[in-house]
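Chemist: this one's structure only:
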Ligand SMILES: NC(=O)c1ccc[n+]([C@@H]2O[C@H](COP(=O)([O-])OP(=O)(O)OC[C@H]3O[C@@H](n4cnc5c(N)ncnc54)[C@H](O)[C@@H]3O)[C@@H](O)[C@H]2O)c1
Ligand SMILES: O=C(O)C[C@H](O)C(=O)O
């Protein structure tokens, strides 16, 4: 193996998602089967011992691609030289808690992490924020990293995207592989808009193939948008393996590109496309190539979709205003 290892920092490494994520990174699913990785794990001091236990297990897997593991309780050290930063560590929502309640609790984590990325990450750093409220946490981190291009800060809506693929495949009786151009618009929250009008099955609009507006409005959209809460209700804990899998998908697609004739969903900094205020970190249909993303342009947005997009983007603007008031951006 002659390639230079890629340094991947994972925060919240001792948590549920961390446990499901690290083994897949180390076995080559994040970046590719020929890309060696060095892991830097960040935890709070009380959880460092648990992270050490996970590191022992990673050693015991004897992954040929894994070239080292370092564990930190200090953000500045953890992001030193990092190429890929996975910001997972945060307080998860528990039963009955709204995501807005998390803004203050978790906002404080992402300011110092943004500063640490600014201070020491590699020039090509790519950041994925998973910890909720993911879009606004990404905005906080990005606003404290003035030397890093804003485009490098993204938040995860790939789990919502994958959930939408799964629900549609069941309804339409097709494989998820037959569905292209799925889009999640807006916030990773219950206001998100999973869009079937631009999604395609066999080259035709998925909404037209399904031809059931009642299902789309009363079943599909709420099932996808409230799936996080349904998992919490069922498991008594927030989604973990599916969230880790979506994080792997997000970074893999960002680095390795979207397929011809398809796109993905990523929450990225808005340039004003589709009426989303500039600067908000909102989910869009994006294509990726050579490690860069671009928002898909020119989609027609009908009245139904317009209303849904405006509602979720309105929530993002409210979250931005709330963290501004708290002095977090
Ligand atoms: N975007 C998504 O689609 C999505 C999906 C599922 C979960 N989540 C979110 O991911 C986050 C993690 O979920 P989980 O189930 O792994 O939670 P968890 O409680 O099992 O683990 C979180 C870990 O983060 C650590 N941590 C807390 N503050 C930290 C800090 N400042 N620096 C480093 N580590 C810190 C904790 O010690 C803990 O080990 C939550 O915010 C959850 O809501 C997002
Ligand atoms: O909604 C949550 O708090 C959990 C997570 O974001 C999810 O979508 O599963």
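Modeler: Ah, there it is. Bear in mind that the values here come from a model prediction, so they are computed numbers and not experimental data. Ligands and ions are numbered 1, 2, ... in the order given.
Chemist: which parts of the stretch 201-329 of the chain sit against ligand 1?
Modeler: Contact residues (C-beta under 6 Å from any ligand atom) of the stretch 201-329 of the chain with ligand 1: 238, 239, 240, 243. Using the backbone N, CA and C atoms, a C-beta is placed for each residue, glycine as well.
Chemist: show me what contacts the residue nearest the centre of the chain?
Modeler: With distances taken as C-alpha atoms, centre = their mean, residue 156 lies nearest the centre of the chain, 1.4 Å away. Each residue near residue 156 by C-beta atoms under 8 Å, 6 or more residues apart in numbering is listed here: 128, 129, 130, 134, 188, 243, 246, 247, 250, 267.
Chemist: try residue 292
Modeler: Residue 292 neighbours (C-beta under 8 Å, 6+ apart): residue 151.
Chemist: For ligand 2, see how far away residue 203 is.
Modeler: Distance of residue 203 to ligand 2, given as C-beta to the nearest ligand atom, to the nearest Å: 30 Å.
Chemist: Which residues of the stretch 1-150 of the chain lie near ligand 1?
Modeler: 11-12, 14-18, 42-44, 47, 88-90, 92-93, 109, 130-132, 134.
Chemist: still on that earlier bit, which among the contacts of residue 156 gets closest to residue 144?
Modeler: Comparing those against residue 144 with C-beta to C-beta places residue 129 closest, at 12.7 Å.
Chemist: Please name the nearest non-neighbouring residue to that closest one.
Modeler: residue 138 (3.9 Å; C-beta to C-beta, 6 or more residues apart in numbering).
Chemist: which strands and helices sit next to the helix or strand where the one you found lies?
Modeler: Secondary structure assignment for residue 138, by DSSP states H and E: helix 134-143. In terms of contacts (3 or more C-beta pairs under 8 Å, 6 or more residues apart in numbering; DSSP states H and E), helix 134-143 is packed against strand 84-87, helix 102-120, strand 126-129, strand 153-155, strand 264-269, strand 281-289, helix 303-325.
Chemist: and the residue in the chain that ligand 1 sits nearest to, backbone torsions?
Modeler: Closest residue of the chain to ligand 1, C-beta to the nearest ligand atom: residue 15 (1.9 Å). Dihedral angles of residue 15 (phi, psi; degrees, to the nearest 10) stand at phi -80, psi -180.
Chemist: Please verify my assumption that it contacts residue 88.
Modeler: Yes - contact criterion C-beta atoms under 8 Å: residue 15 and residue 88 qualify, at 6.6 Å.
Chemist: Near ligand 2, which residues of the protein? Just list them.
Modeler: 93, 132, 159, 228, 229, 231, 238, 239, 243.
Chemist: now do 8 Å
Modeler: By the rule C-beta under 8 Å from any ligand atom, the part of the chain lying against ligand 2 is 92-93, 99, 102, 132, 134, 159-160, 188-189, 227-229, 231-232, 238-239, 242-243.
Chemist: Can you show me the strands along this protein?
Modeler: Along the chain, the stretches classed as strands by DSSP state E are 6-11, 37-42, 66-72, 84-87, 126-129, 153-155, 179-180, 183-185, 193-195, 200-201, 204-205, 264-269, 281-289, 292-295.
Chemist: tell me the contacts of residue 90?
Modeler: By C-beta under 8 Å, 6+ apart, the contact set of residue 90 is 12, 102, 106, 109, 130, 131, 132, 137.
Chemist: returning to what we had before: how close does the residue nearest to the centre of the chain sit to residue 53?
Modeler: According to C-beta to C-beta, to the nearest Å, residue 156 and residue 53 sit 26 Å apart.
Chemist: next one: residue 327
Modeler: 37 Å.
Chemist: Which of the helices and strands packed on helix 134-143 has the lowest mean pLDDT?
Modeler: Among these, helix 102-120 carries the lowest mean pLDDT, a mean of 90.
Chemist: For that helix, list every residue counted as buried.
Modeler: For helix 102-120, the neighbour count (16 or more other C-beta atoms under 10 Å) marks 102-103, 106-107, 109-111, 113-118, 120 as buried.
Chemist: Could you export those as a markdown table, including distance to residue 304?
Modeler: A markdown table is the format used below for those (distance: C-beta to C-beta, whole Å):
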| residue | distance to residue 304 |
| --- | --- |
| 102 | 30 |
| 103 | 29 |
| 106 | 33 |
| 107 | 33 |
| 109 | 37 |
| 110 | 34 |
| 111 | 38 |
| 113 | 38 |
| 114 | 36 |
| 115 | 42 |
| 116 | 43 |
| 117 | 39 |
| 118 | 41 |
| 120 | 46 |
